[in-house]
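# Fold the following and give me the result.
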Amino acid sequence: MAALPHVIDVRDDLERAREASDEDLGAELDAVEERLESYADGAHPDREGLLDDIDNELLRLEALTSGTAAERISAARNRIGLFRDSLSRAADGVSVLETKTRPADAGASFDGEDAADGEREFWLTLVNSGGPRSVAVELVFYDEDDDETGRVSGGDVSIDSDEQKTVTVVTRVPDGAAYYVARVADVDELTEP
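The predicted structure is shown next:
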């Protein structure tokens, strides 16, 4: 599977729901995972619509389950909602193409997407399909219960039309952070929560 933004890689929540449910959710959860793969591959013509489909299927499954299974499906839906909220606040035409993270002292190797405790280096690849502009990047960290544990601004970035640029943010990951969302917004808009 191609890189899926860590926050919406909800396969961990889906697996916990599968294990906790008295219902046989195998086929339905497999279908959600296939849609996640389509989203990650970027080949789907309507990625926003695909997120709608995923959320609608999870809503249906949440209504069919109870207890821990319903809680894990709800957690997956919340994570997708956080991701969609970050997309809706993005600078028009500028998006995060890819993120990588590693311990700040790791040299040249990357160790995946885990937002483990400690100082880490986040590399965000931005792409601008709009006009030249100044944007700001921000990392928003969340715990397992989808509560915000902290946010860090990476500063202002000038990016030209059709430019792809990698921005690095070095920060200590807040205690208890399970995942993060990378936001990009016009400089004057990022101060809004």
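# only C-alpha atoms for contact and neighbour calcs from this point on.
Noted.
# where does R79 land in three-state SS?
Following DSSP: H, G, I helix; E, B strand; the rest coil, the label given to R79 is helix.
# partner strands of the lowest-mean-pLDDT helix or strand in the chain, parallel or antiparallel?
The helix or strand of the chain with the poorest confidence is strand 94-103; it has a mean of 79 (mean pLDDT, DSSP states H and E). Neighbouring strands of strand 94-103 in its sheet, by DSSP bridges, are strand 118-128 (antiparallel).
# Summarise which helices and strands the helix or strand following the strand it pairs with is packed against.
From strand 118-128 onward toward the C-terminus, using DSSP states H and E, the following helix or strand is strand 133-142. Counting contacts by 3 or more C-alpha pairs under 8 Å, 6 or more residues apart in numbering; DSSP states H and E, strand 133-142 is packed against strand 148-159, strand 179-186.
# And the contacts of strand 133-142?
Applying C-alpha atoms under 8 Å, 6 or more residues apart in numbering, the contact partners of strand 133-142 are 91, 148-160, 173-174, 176-187, 190.
# and what of stretch 64-83?
7-8, 10, 13-14, 16-23, 51, 55, 58-59, 61-63, 145-146, 181.
# Extract the C-alpha set from that stretch and format it as PDB.
Taking Å, rounded to 0.1, in the frame of the first residue of the first chain, the C-alpha atoms of stretch 64-83 are listed here in PDB:
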ATOM      1  CA  LEU A  64     -24.400  -2.200  13.900                       C
ATOM      2  CA  THR A  65     -22.000  -2.800  16.800                       C
ATOM      3  CA  SER A  66     -21.700  -2.000  20.500                       C
ATOM      4  CA  GLY A  67     -19.100  -1.800  23.200                       C
ATOM      5  CA  THR A  68     -15.400  -1.800  22.200                       C
ATOM      6  CA  ALA A  69     -16.100  -2.500  18.600                       C
ATOM      7  CA  ALA A  70     -18.400   0.600  18.300                       C
ATOM      8  CA  GLU A  71     -15.800   2.700  20.200                       C
ATOM      9  CA  ARG A  72     -13.000   1.700  17.800                       C
ATOM     10  CA  ILE A  73     -15.100   2.400  14.800                       C
ATOM     11  CA  SER A  74     -16.000   5.800  16.300                       C
ATOM     12  CA  ALA A  75     -12.300   6.500  16.900                       C
ATOM     13  CA  ALA A  76     -11.600   5.700  13.200                       C
ATOM     14  CA  ARG A  77     -14.300   8.100  12.100                       C
ATOM     15  CA  ASN A  78     -13.000  10.800  14.500                       C
ATOM     16  CA  ARG A  79      -9.500  10.400  13.000                       C
ATOM     17  CA  ILE A  80     -10.900  10.800   9.500                       C
ATOM     18  CA  GLY A  81     -12.800  13.900  10.600                       C
ATOM     19  CA  LEU A  82      -9.600  15.500  12.000                       C
ATOM     20  CA  PHE A  83      -7.900  14.800   8.700                       C
END
